[in-house]
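Novice: Sharing a model prediction with you, sequence too.
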Amino acid sequence: MPANVNPDRDNFLHANPPLYLTFNGEEDSGMARFIHKLLREFGSGPKVLDVGCGPGREVAWLSEAGYDVTGLDQSEEMLRWARERYPRLPFIRGDQESFELREKFDALTCVGSTFLYNFTNENVHASLACFRSHLNEGGLLYLDMRNAAFFLTREGQRWLQEELVDQRVYEGQAVTLRTRFSIDLPRQLLLRDYSWEFNGQEPIAEHLQHRLLFPQELVRYLNEAGFRVLELFDHPAPHIGAFEEDQPLAFGTSMQGRRLQLLAQAI
């Protein structure tokens, strides 16, 4: 294992920002470019809060594009990385269901399934109330997360039955990530069992969870929190760069895609 890898097994990937970026595209600006296009087409103001900003990739890109953007995350390791890489940008520690910034924003983004760390109904309500309290009236909320309905499709069922394998090179060493998915049906949680393998060394096991939210369930939560849903969609797919920057946005609503995305307005 590389010497600078944090061996924290409870949250291995998020405790190692460089490894996170190796598996999630350090130079990938697709999500930031999509957010820019979305906010521009729906007439957002320039003041943006990115909840779950991680290593700050989207915050930095949006700042360069002219937005007044702030990043918020609960991971000290991610925030330390972001502050070192982008020292002139504001990065704040906070939990999505309880942060207090004493300012309001024109738009709030929460991407990369950060929202799915709300494991209970009470957590979901608390986070959306917190989001609403930090948005100006008419402000935009963009959520991007795993799509619970995907696991009802044939491809989603395959994900639950087979081991998924991804291999990358990190600091000159081959790293293999083996993933097994299963679902805790009563609690509506996606269980993610990861095995990290560095050059044949003893694997590091990591166990994470995501709340699974179905489309209309999420719409109801948003309505109850003081939002009006503008778009609910699974395409375009910015996480894999599947959108046309020079074309008007056209939203797909089959809900068979891997991601559930939602744009809402604070009312």
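Specialist: Good, I have the coordinates.

Novice: Summarise which helices and strands the host helix or strand of Thr176 is packed against.
Specialist: Thr176 is located in strand 173-184, with elements delineated by DSSP states H and E. Counting contacts by 3 or more C-beta pairs under 8 Å, 6 or more residues apart in numbering; DSSP states H and E, strand 173-184 packs against helix 17-24, helix 154-161, strand 164-170, strand 189-198. (C-beta placed from N, C-alpha, C; glycine too.)

Novice: which one of the ones you listed is the most hemmed in?
Specialist: helix 17-24 (a mean of 18; mean count of other C-beta atoms under 10 Å).

Novice: Could you check the angle that helix makes with strand 164-170?
Specialist: 130 degrees (axes from the mean of the first three to the mean of the last three C-alpha atoms, to 10 degrees).

Novice: ok, back up a step: list the strands paired with the strand holding Thr176, with their directions.
Specialist: Applying DSSP bridges, strand 173-184 is found paired with strand 164-170 (antiparallel), strand 189-198 (antiparallel).

Novice: can you list the residues that contact stretch 17-26?
Specialist: Under the contact criterion C-beta atoms under 8 Å, 6 or more residues apart in numbering, stretch 17-26 has outside partners 4-5, 13-14, 54-55, 57, 77-78, 81-82, 112, 166, 168-171, 175, 177.

Novice: give me that answer again for 7 Å
Specialist: Val5, Leu13, His14, Gly54, Pro55, Glu77, Met78, Trp81, Asp166, Arg168, Tyr170, Leu177 (C-beta atoms under 7 Å, 6 or more residues apart in numbering).

Novice: and if you look at stretch 146-164?
Specialist: So stretch 146-164 is contacted by 113, 116, 178-183, 190, 210, 212-215, 234, 255-260 (C-beta under 7 Å, 6+ apart).

Novice: run the last query once more with 8 Å
Specialist: So stretch 146-164 is in contact with 113, 116, 178-183, 188, 190, 210, 212-215, 234, 255-260, going by C-beta under 8 Å, 6+ apart.

Novice: thinking again about what came up before, could the strands paired with strand 173-184 be laid out in a markdown table, adding mean pLDDT?
Specialist: Formatted as a markdown table, the strands paired with strand 173-184 follow (pLDDT from 0 to 100):
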| stretch | mean pLDDT |
| --- | --- |
| strand 164-170 | 94 |
| strand 189-198 | 95 |
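
Novice: just to revisit the earlier point, can you turn the buried part of the contacts of stretch 17-26 into a ChimeraX selection?
Specialist: Buried residues within these, by 16 or more other C-beta atoms under 10 Å, are selected in ChimeraX with:
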select :5,13,14,54,55,77,78,81,170,177
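
Novice: What angle do helix 154-161 and the strand holding Thr176 make with each other?
Specialist: Using the same axes, to 10 degrees: strand 173-184 against helix 154-161 is 100 degrees.

Novice: picking up where we left off before, possible to save the contacts of stretch 17-26 as a markdown table with distance to Asn223?
Specialist: What follows is the contacts of stretch 17-26, written out as a markdown table (distance: C-beta to C-beta, whole Å):
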| residue | distance to Asn223 |
| --- | --- |
| Val5 | 44 |
| Leu13 | 33 |
| His14 | 31 |
| Gly54 | 29 |
| Pro55 | 33 |
| Glu77 | 36 |
| Met78 | 32 |
| Trp81 | 37 |
| Asp166 | 37 |
| Arg168 | 41 |
| Tyr170 | 43 |
| Leu177 | 38 |
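
Novice: With that, I have no additional questions.
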